[in-house]
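K.L.:
sequence below, structure please.
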Amino acid sequence: MKKLTAFLMLCGLIALAGCNTMKGAGQDIQKGGEKLENAANKHS
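P.N.:
Numbers count the residues shown, from 1 in each chain. As a prediction, this is how the structure comes out:
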C-alpha cells in the first residue's frame, strides 16, 4: 500500500511539473510571436 501511495504521489508531481512546463513554453512562444509582429509592423 505504501508503494502504491508513493507511486501515485510521484505521478502527480510529474503531471504538475509537465503542466507548468507547457504553460511556460506557451508563454515563451507567445512573446516570440509578439516580437516578430512588432518587427514586421516597424518595417511596413
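
K.L.:
how about the helices in this protein?
P.N.:
Secondary structure of the chain (DSSP state H): helices at 2-42.

K.L.:
tell me which residue is most central in this structure.
P.N.:
Taking CA atoms, centre = their mean, the centroid of the chain lies closest to M22, which sits 2.0 Å from it.

K.L.:
so what's that residue up against?
P.N.:
Under the criterion of CB atoms under 8 Å, 6 or more residues apart in numbering, M22 has no neighbours. Placement of C-beta: from N, CA and C, glycine included.

K.L.:
how about H43, phi and psi?
P.N.:
phi -90, psi 0 (degrees, to the nearest 10).

K.L.:
now it: how far from L10?
P.N.:
H43 is 50 Å from L10, where distance means CB to CB, to the nearest Å.

K.L.:
likewise A17?
P.N.:
11 Å.

K.L.:
quick check: neighbours shared by the two?
P.N.:
Common contacts of A17 and L10, defined by CB under 8 Å, 6+ apart, are absent altogether.

K.L.:
what about H43 and L10, which has more around it?
P.N.:
More neighbours surround L10 than the other of H43 and L10, with 10 against 6 (other CB atoms under 10 Å).

K.L.:
distance-wise, check the more buried one relative to G24.
P.N.:
To G24, L10 is 21 Å away according to CB to CB.

K.L.:
so how far is D28 from M22?
P.N.:
From M22 across to D28, the span is 11 Å (CB to CB).

K.L.:
now swap in G12 and tell me
P.N.:
Distance, G12 to D28, using CB to CB: 25 Å.

K.L.:
coming back round to it: okay, the residue nearest to the centre of the chain: pLDDT?
P.N.:
On the pLDDT scale, M22 is placed at 72.

K.L.:
cool, the one 5 residues further on as well?
P.N.:
In the prediction, the pLDDT value recorded for Q27 is 84.

K.L.:
that one - how many residues pack around it?
P.N.:
Neighbours of Q27 under the rule other CB under 10 Å: 10.

K.L.:
and the one 10 residues further on, by the same measure?
P.N.:
For E37, the number of neighbouring residues by other CB under 10 Å comes to 10.
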